[in-house]
Structure formats: structure tokens, C-alpha cells
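S.K.: Make a model of this:
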Amino acid sequence: MKILLVDDDPLALKIHSRLLHRQGHEVLEASGGEIAWQLVCEHDISFVVSDWIMPGLPGVDLCRKIRATDFGHYVYVILCTAKDRKSDLIEGMDAGADDFLVKPISPEELRVRVRAGERVLSLQRGLADKNRELSRINTRLQSAQKLIENDLEAAAWMQQRLLPPPAALKAHGLKCEGRLQPSGYVAGDIFNFFVMNERQVGFYLLDVSGHGVPAAMLSVTLSMMLTPDAAHSSPLSRYNPASGEFEVLLPEEAICELNRRFQAKDDRYLTMIYGIYDSSTSLVRLAQAGHPGPVKISSAGELQILGTGGMPIGIWEEIDFDCFDTSFISGDKLLLYSDGVTECMNLGGQPFGEARLLDGLRSLTTLPLADMLQGLLSQIESWRSGVDVKDDISLLAIEAC
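M.R.: Coordinates of the predicted model:
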């Protein structure tokens, strides 16, 4: 090991230098604190053995200067002194000394003290190596995380693009507004609103079990499948050989067909509300698959939760789903929502709940759809008071004009 030996006594310097040489160390000599400081700055020195009392720059001040400077590595300092008072030792420790040698110095004590310093420096170097490796790993992880975040942001953008555009939110006497707030970057919830033919409009809101990317990938797949223009493979329609055309399936038939296709090998399932509005009858036919019941808001402001719940899609292949009709005349509104709304928790661990949803809606029923949804989201935001959202929040509001 390279050791800087500092002493203004030439004889002591020569004796101690010879002892360190015999112990196998490379020794640099300095006859004073100023010379020692220059050598420390110019050479890669990690070990200093210095006399305390020297003219110019005493050993204790040399130690202070070493501790105040970042050399990129640790410098172990032993102060040699005839002082043995407790206050002197405290002063040396405050200056940053690692150890002390009391004069006259015996060869064995010098060997033992230097050996102890070597062990400390070895541990310091090992720790520094590990820290550098951790820093490299952390840099790689940050780069990987940034790539993942970029990919997730792109996925979130694509998922938002699958939602109905503003131009598609009016059809056959209906208008529509939707909101999707993922709990993370992407959501397992998704909804749509689309024209099926010259008199019918379809709409749905679905919620895939679980969270994050797996749920979002499935919701995107389902969204691409549940489009009227994908007639060749959509569960919303069926080819009629007699007419040579595709016919719109009733909501309960569409849900059953989707359930047949969705018998997954894992435990994933989804809940869904799917409805068809017929402008010729002013009726909405709804199929419910384990999803929270939609809220009907009459033109007079009366609120009613529709449906009884039913079973989710993907649990069993042979199952009947809840299906019902409701009149839908000018001024009536229908609110579809995911359970992320009613299950949103506050600081006390209480869910927002169905009753609070209805109470909140009563003060919003006369507002335009966009304002109604924004008001509801504001109520939910106020309720959770900064508590992290554990589930996606999706809202789809439809109004008969």
C-alpha cells in the first residue's frame, strides 16, 4: 500500500519510513504539513500517517483539509501524538482522524494500526465498487423504465383513440358523452357508441377484471371486436344465408356469443352493459353481464337503477344474462359506469357507493351531459381526497334529444 508519512523530525521520519518499508508498503515522505498537502493533491494517496504537532500546517489541520476535499476516494488518517488527554483525542476525531498513535511508536503498534487501516480501506473500496455497480444498474433501470413509460404512454394514447370521436357522439336522436380515467397509464375499462343501421344505435361499457397492461390489452382486443363494421367476426351481428346480409343480434344474443368466444384459459373475466336503441320504437334494450346497473334519469329528473346485475362474461359457457327494455324519450338520460366509481375509497376506507352516486346525480340532472359527467367526477375527486385510485373510472352518458 502507498502510505504518506508526515513528520518534521528527520530522524523520526527515517525510522518510521524504514519500519513501513519492512512491512511491505510504498512510502512517500513529507517533512511538513504543506508539503504533505501538496503530495496528497498530486498523488493517488489513500493512507496518511502524520505527526500532530508541526510548524506551518499541523497534522490536525492537515486532516481537516483532507476531510473537506473530495478526492473521489477515502483517505485514512492516523495522527501521531504525545498528547493523551481526552480533549485532545476528541479534537482529533472532530478533525476527521481515523486512528491515533501515541509516541514513542513501537514497530508492532504501527504494524497493527496500519493493518487495521488497510482493512477499513479495503471495505471502503469494496463499498465504492458496489455503489458504482449499483449506480450503473440504476442507470440501466431508469433507461428501461423510461422506455416502458414511453410504451405505456403510447398504449394509453392508442386506447383513447379507440373511444368514440366527438363526431360520432350523435346519431338517430341520441347524443353521448364519455369519460375514461385509468388507474394507471392504461385501463381495463372501455366503451363505445356507434350506428348499427338506419334506425338502431348500439353502445356498451365493459370492465375487464384486473388492472394494468394485461387488462388493457384485452379491453383493446374486445373494442376492436365489438365494432359494427367488423361484421365478418363481430359478435354483434350474424350472417343470414337467406337474405345474404348480416343481421343485428339482440343484446342478449350478442352477450351470449361474446361469452361463448371468451371462455378464457385463465381466471380473467369481464363485466358489461350492452344496449341497442331503436329510433322507431323509442326503446332501449339492455343486456347486463355482472355490471353495475345503469342509472336512468327521466326527463322529469327521476332516477332509477336498472337491472339486477347478472353474471360476468367468461365464468361459464352456458349461462343466461339479464336483459330488459326501457322507454327512452326526449329528455331522458342513461348513465353507464364502472364499479371504479362506486368502489372509490376515501381516507377512511369508505367506498363512494351507489347511494352517494344517486345523491350526487340529483343535483346534476338538468346539466348538459358533459357538465353532468364533470360534476360527478369532481364529486368523486372530492370524496377520495387524494387517496390513490385503485380501479379505472369510466362513465358513458346518453341522452334522447
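S.K.: Checking the most centrally placed residue in the chain next. Helix, strand or coil?
M.R.: For the chain, the residue nearest the mean C-alpha position is G184 (7.0 Å; CA atoms, centre = their mean). When classified by DSSP: H, G, I helix; E, B strand; the rest coil, G184 comes out as coil.
S.K.: Now do the contacts for the closest residue to it other than its chain neighbours.
M.R.: Spatially, and ignoring its direct neighbours in sequence, G184 is nearest to G212 (5.8 Å; CB to CB, 6 or more residues apart in numbering). Using the backbone N, CA and C atoms, a C-beta is placed for each residue, glycine as well. Neighbour list for G212: 184, 186, 188 [criterion: CB atoms under 8 Å, 6 or more residues apart in numbering].
S.K.: Q288 versus the nearest residue to I319 once chain neighbours are set aside, what's the distance?
M.R.: Nearest residue to I319, sequence neighbours excluded (CB to CB, 6+ apart): M311, at 5.5 Å. To Q288, M311 is 9 Å away according to CB to CB, to the nearest Å.
S.K.: Overlap of the contact sets of those two?
M.R.: Overlap of the contact sets of M311 and Q288 (by CB under 8 Å, 6+ apart) consists of F321.
S.K.: between the two, who's got more neighbours?
M.R.: Q288 (26 against 17; other CB atoms under 10 Å).
S.K.: Tell me how far K65 lies from E29.
M.R.: In terms of CB to CB, K65 sits 19 Å off from E29.
S.K.: again, but for S363
M.R.: Taken as CB to CB, the span from S363 to E29 is 87 Å.
S.K.: Which of those two has more residues huddled nearby?
M.R.: Between S363 and E29, counted using other CB under 10 Å, E29 has the larger neighbour count: 18 against 12.
S.K.: buried ones in stretch 111-120?
M.R.: 113-114, 117-118 (16 or more other CB atoms under 10 Å).
S.K.: Restricted to helices, list the residues you listed.
M.R.: Judged by DSSP state H, the subset of those located in helices is 113-114, 117-118.
S.K.: My guess is C256 contacts F321. True?
M.R.: Yes. If you go by CB atoms under 8 Å, C256 and F321 touch, sitting 6.7 Å apart.
S.K.: residues near the residue nearest to F352 when sequence neighbours are not counted, how many?
M.R.: Spatial nearest neighbour of F352, excluding adjacent residues (CB to CB, 6+ apart): C344 at 4.5 Å. Around C344 there are 22 other residues, counting by other CB under 10 Å.
S.K.: Make sure C344 is actually in contact with I380.
M.R.: Yes. In terms of CB under 8 Å, C344 counts as a neighbour of I380; the distance is 5.4 Å.
S.K.: Give me the common contacts of the two.
M.R.: 352, 393.
S.K.: Mind listing what's buried along the helix or strand in which L373 is found?
M.R.: Applying DSSP states H and E as the criterion places L373 in helix 369-384. Across helix 369-384, burial judged by 16+ other CB under 10 Å covers 369, 372-374, 376, 379-380, 383.
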